[in-house]
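Novice: Quick one: sequence plus predicted model below, questions after.
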Amino acid sequence: MSTISVVHTTIDSPVGELTLVGGEDGVTGLFFSDHRRLPDPASFGARSSVGTGLSDFVEVESQLAAWFAGERRAFDLPLAPVGTDFRQRVWQQLATIPWGETRTYGQLAAALGDVRLARAVGTANGANPLSILLPCHRVVGSAGSLTGYAGGLVRKRFLLDHEAPASAGSGRLF
């Protein structure tokens, strides 16, 4: 008997089309249409309609819509990103950065126990397969400057502005 282990769907968002990838353990990917270092789409599995079967993406889409509307500040979803132990530790740190706040690569490295890991933290941050859900857009350069982002710096600025205290969170980027 054959089982589907990974499936995907696409949804619209204020930052353009997003591809959601997931399996039995949870969401494994959230990618922008022009995502830098996009994995091979063949690894996304079969296309699944929102709300059907194994990868019921309805809750993911609902929580993302509420987040973009400013009605939700954190996600409560089963996440299952695939990566090395070090990357997993960095991605766990991303999940601790509160809405509307930023951290530097050095601060994340210090939280992991070694400030000399800042570059490695940057590499792991850049490999985050769950953009927005694991908020890598909240990581900035040492002087607060915007640095690389898999969705591009325009999206990163949009996401940070969306979380700014004065933001109404109702704009669209694409």
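Specialist: Yes, it's here.
Novice: my read: residue 45 touches residue 19, true?
Specialist: No. At 11.2 Å, residue 45 and residue 19 do not qualify as touching, with contact defined as CB atoms under 8 Å. Yep, even glycine has a C-beta here, placed from its N, CA and C like the rest.
Novice: Quick one: mean pLDDT over stretch 163-174.
Specialist: Across stretch 163-174, pLDDT averages out at 61.
Novice: same check, this time on stretch 86-97
Specialist: Stretch 86-97 carries an average pLDDT of 97.
Novice: Can you list the helices and strands that the one helix or strand in the chain whose mean pLDDT sits lowest packs against?
Specialist: The helix or strand of the chain with the poorest confidence is strand 46-47; it has a mean of 87 (mean pLDDT, DSSP states H and E). When contacts are defined as 3 or more CB pairs under 8 Å, 6 or more residues apart in numbering; DSSP states H and E, strand 46-47 packs onto strand 6-11.
Novice: how about the strand it packs on: buried residues?
Specialist: Neighbour-count burial for strand 6-11, counted by 16 or more other CB atoms under 10 Å, picks out 6, 7, 8, 9.
Novice: And those, which is closest to residue 24?
Specialist: Minimum distance to residue 24 across these is 9.0 Å, recorded for residue 6 (CB to CB).
Novice: List phi and psi for the most centrally placed residue in the chain.
Specialist: Residue closest to the mean C-alpha point of the chain, counted by CA atoms, centre = their mean, is residue 131 at 1.6 Å. Torsion angles at residue 131 (phi, psi; degrees, to the nearest 10) stand at phi -50, psi 140.
Novice: give me every residue that touches the closest residue to residue 136 other than its chain neighbours.
Specialist: Using CB to CB, 6 or more residues apart in numbering and skipping residues adjacent in sequence, the residue nearest residue 136 is residue 128, 4.4 Å away. Taking CB atoms under 8 Å, 6 or more residues apart in numbering, we find residue 128 in contact with 81, 90, 91, 94, 134, 136, 150.
Novice: at 6 Å instead, please
Specialist: 91, 134, 136 (CB atoms under 6 Å, 6 or more residues apart in numbering).
Novice: picking up where we left off before, joint contacts of residue 45 and residue 19?
Specialist: residue 8.
Novice: Shouldn't residue 28 be within a strand?
Specialist: Yes. Counting by DSSP: H, G, I helix; E, B strand; the rest coil, residue 28 is found in a strand.
Novice: count of residues packed around it?
Specialist: 22 (other CB atoms under 10 Å).
Novice: How far off centre is the host helix or strand of residue 154?
Specialist: Assessed by DSSP states H and E, residue 154 sits inside helix 153-163. Taking CA atoms, centre = their mean, to the nearest Å, one finds the center of helix 153-163 at 13 Å from the center of the full chain.
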